[in-house]
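Student: take a look and give me a structure for this.
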Amino acid sequence: MLAKPKSKRRSGCPVSVSLEIFGDTWSLLILRDLMVRGYRKFKEFHNAGEGIATNILSDRLQNLEAAGIIASEPEETDGRSVNYRLTEKGIDLAPALLELLIWGARHETTEAPCAVIENMEKNREGVLAEVRRRWRERDPTPLLPKSGGWRWQ
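Tutor: Take a look at the predicted model:
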């Protein structure tokens, strides 16, 4: 895919620059799905239950790829299909995403089981190590399966 030209930044503040790249709701949910759910395909992101329109999903995937946060690769068994994968730059967002997940579950009403969040809080380093291991090994196994349990314990 072609990279979009970089627009002029609002400011040189690192928080502002970061938010310009991945600070919209949809981009963060795509990152969540890559890191936590093990999603790789456009259809998986589209069917994730968040209600993202296909044109918005396509735009966000292009933006994340242009920013170097994700990369697209042809599917080994079907060259017409594309898999998305976090880059090194993208996997470096794992600590921030983990903290957003913990913060949201601690301070807002969510569907995340309390025991799972407590486990994440107590084992941040272990969770992040597992996310990185799965990324390195290209293991798409979900970190948080729908049952809410931990597969890596």
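Student: going by C-alpha atoms from here, please, whenever you check contacts or count neighbours.
Tutor: Will do.
Student: where do the strands sit along this structure?
Tutor: Listed from the start of the chain, the chain has strands (DSSP state E) covering 70-74, 82-86.
Student: between strand 70-74 and the last one, find me the angle.
Tutor: Relative orientation of strand 82-86 and strand 70-74, computed by axes from the mean of the first three to the mean of the last three Cα atoms, to 10 degrees: 150 degrees.
Student: parallel or antiparallel, which strands does strand 82-86 pair with?
Tutor: Looking at strand 82-86 with DSSP bridges, its paired strands and their directions are strand 70-74 (antiparallel).
Student: buried residues in the partner strand, which are they?
Tutor: Residues 70-72 are the ones in strand 70-74 that count as buried (16 or more other Cα atoms under 10 Å).
Student: and those, which is closest to residue 116?
Tutor: Nearest to residue 116 out of those is residue 70 (Cα to Cα; 27.3 Å).
Student: just give me the closest of the buried residues of strand 70-74 to residue 93.
Tutor: Taking the buried residues of strand 70-74 together and measuring to residue 93 by Cα to Cα, the closest member is residue 70, at 11.3 Å.
Student: touching, that closest one and residue 93? I think so.
Tutor: No: in terms of Cα atoms under 8 Å, residue 70 does not count as a neighbour of residue 93; the distance is 11.3 Å.
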